[in-house]
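[1] requesting a structural model of the entry that follows:
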Amino acid sequence: MAYKTIVEDNIDILVCGAGLGGTGAAWEARFWGQDKKVVIAEKANIDRSGAVAQGLYAINCYMGTRWGENNPEDHVRYARIDLMGMVREDLLFDMARHVDSTVHQFEEWGLPLMRDPKTGAYQREGRWQIMIHGESYKPIVAEAAKKSADTIYNRICVTHLLMDESKENRVAGAVGFNVCTGNYHVFKSKTVIVAAGGASMIFKPRSVGEGAGRVWYAPWSSGSAYGLLINAGAKMTQMENRIVLARFKDGYGPVGR
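    Residues are numbered from 1 along each chain as shown. Next up is the predicted model:
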């Protein structure tokens, strides 16, 4: 069986990885770039890819500014204390100021959010978490990405970013292979957004054998977001922080009890 080389050229924005971050990036790319060619490459299937596709019962960060619960400054303070000052406060603030509008948009798209019957505010589990019916979370956001992208390539595992020969330190695309057919794919793009997975199992869990699958976070996350960017020479800002969760959960959902 001969493998094919498939070239996708003249891409304006290539999104590598289509978990919640990648699908959201594709929607944003279309919103701000109405006439741009947007392409998604995902190693699984966009409908059920990424950690969020396992199902969630909460959104773990919501300010609640409209109800006077928190402001972006409060989240910056919380993260600074939690990470002992090893933070970029400007990046934290910029993220926090967009959180609420994103959650409201998810609700408009059809995500069921639980509300306090007395106040009408979203029901909270803690200062930052709000309760949701999350089994449909990823498919809802994936549907928005499908309407935004010009082309979606499922089952494409992106392995390397392509560097521009004429401009130093500039990415010009990516390459990968189809995990089902073995075909080689070359994507030539003016801009590349890397939204590939984080890294699981860096630290050995207490659980062993069958129980090893019960650690928090998606067990298949191989650190591809790190690998693609580091090999291309990127500076991994804020990647010096590591999350080490000291808990074991009783079920196979991504959030423990």
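[2] roughly how far is the host helix or strand of residue 175 from the heart of the chain?
    When elements are assigned from DSSP states H and E, residue 175 belongs to strand 171-178. From the chain centre to the centre of strand 171-178 is a distance of 19 Å (CA atoms, centre = their mean, to the nearest Å).
[3] I'd like to know which elements it is packed against.
    Applying 3 or more CB pairs under 8 Å, 6 or more residues apart in numbering; DSSP states H and E, we find strand 171-178 packed against strand 5-16, strand 156-163, strand 184-194. C-betas here are computed from N, CA, C, even on glycine.
[4] quick one, it and strand 156-163 angle?
    150 degrees (axes from the mean of the first three to the mean of the last three CA atoms, to 10 degrees).
[5] angle of strand 171-178 against strand 184-194?
    If you take the same axes, to 10 degrees, strand 171-178 sits at 130 degrees to strand 184-194.
[6] describe which strands strand 171-178 pairs with in its sheet and in which direction.
    According to DSSP bridges, strand 171-178 has the following sheet partners: strand 156-163 (antiparallel), strand 184-194 (antiparallel).
[7] mind checking which of the ones you listed is nearest residue 66?
    Checking the strands paired with strand 171-178 against residue 66 by CB to CB gives strand 184-194 as the closest, at 29.4 Å.
[8] how far does the helix or strand harbouring residue 103 sit from the chain's center?
    Taking DSSP H and E as the definition, residue 103 sits inside helix 89-109. Relative to the centre of its chain, helix 89-109 is centred 14 Å away, using CA atoms, centre = their mean.
[9] in the stretch 101-250 of the chain, which spans are helices?
    Counting by DSSP state H, counting those that start in this stretch, the stretch 101-250 of the chain has helices at residues 137-148, 224-231.
[10] export the ones you listed to TSV and tack on mean pLDDT and mean neighbour count?
    Conversion of the helices of the stretch 101-250 of the chain to TSV gives the following (pLDDT from 0 to 100; neighbours: other CB atoms under 10 Å):
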stretch	mean pLDDT	mean neighbour count
helix 137-148	96	20
helix 224-231	92	17
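[11] let me have the ones you listed in a markdown table, extended by distance to residue 30.
    Shown next, in a markdown table, are the helices of the stretch 101-250 of the chain (distance: least, CB to CB, whole Å):
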| stretch | distance to residue 30 |
| --- | --- |
| helix 137-148 | 4 |
| helix 224-231 | 22 |
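[12] for residue 113, find the nearest of those helices.
    helix 137-148 (10.5 Å).
[13] okay, now the unreliable bits of this structure?
    1, 203-208, 210-217, 240-257 (pLDDT under 70).
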